[in-house]
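# okay, predicted coordinates and the sequence, questions at the end:
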Amino acid sequence: MIKRLISLMFLAWVLGFAWFALLLPLPAPAQKTDAIVVLTGGPGRIDRALERLEAGDAKRLLISGVAREVKPRELAVTYKRPMKLFDCCIALGFEAEDTRSNATEVATWVERRKYKSIRLITTDWHMRRAEYEIGRAVGDKVTILPDAVRSQPNFATLFREYHKYLAGLAGGLLGL
């Protein structure tokens, strides 16, 4: 009986990992939301967020997880965008250091502005966990449109992220 249970759990883990690794989330089509939220930490994320903002998918953008020493002017220069775009439409979040604190930072920002929908931008391998954590933080009153930045993650990245995702799910089930 124990061997069957262990075998069943192992099979569920293998199938779950295959789903996680082979069916990575995709970029979202053009669609309007109240705001765009991008999590720092991977190539192409901020570029994608700025493109969607400039395309008119939303009027405001939060860049969550920015290092405290970074200034808006530096980002404007780095991403070759006018400073007036940063002045009018882009907020920098300095509080987040990991995905769970990104969720807290995003939830506070969204609630303060009474937004009902956000476009979430992060790397494809990170999207499921980020969407889950932010979804828990904002609750069901906010719709999240996942917009994944495509990447070529290696096995180690996928393996590590899958286990972080499972840990997050377990924590959610246990109310942690």
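Received the coordinates, thanks.

# which element, helix or strand, includes Lys3?
Assigned by DSSP states H and E, Lys3 belongs to helix 2-22.

# in the helix or strand that that helix is followed by, what counts as buried?
The C-terminal neighbour of helix 2-22 among helices and strands, as given by DSSP H and E, is strand 35-39. By neighbour count with 16 or more other C-beta atoms under 10 Å, strand 35-39 contains the buried residues Ala35, Ile36, Val37, Val38, Leu39. To be clear about C-beta, it is placed using only N, CA and C from the backbone, and glycine gets the same treatment.

# and which of these is nearest to Lys59?
Ala35 (7.4 Å; C-beta to C-beta).

# grab the nearest non-local neighbour of that closest one.
Arg60 (4.6 Å; C-beta to C-beta, 6 or more residues apart in numbering).

# count the residues that sit near that neighbour.
18 (other C-beta atoms under 10 Å).

# ok so, going back, going by distance to Arg68, which of the buried residues of strand 35-39 wins?
Leu39 (16.4 Å).

# excluding its backbone neighbours, what's nearest that closest one?
The shortest distance from Leu39 to any non-neighbouring residue, by C-beta to C-beta, 6+ apart, is to Thr122 (4.5 Å).

# would TSV of the buried residues of strand 35-39 with distance to Arg150 and pLDDT be doable?
Formatted as TSV, the buried residues of strand 35-39 follow (distance: C-beta to C-beta, whole Å; pLDDT from 0 to 100):
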residue	distance to Arg150	pLDDT
Ala35	22	98
Ile36	17	98
Val37	18	98
Val38	15	98
Leu39	16	97
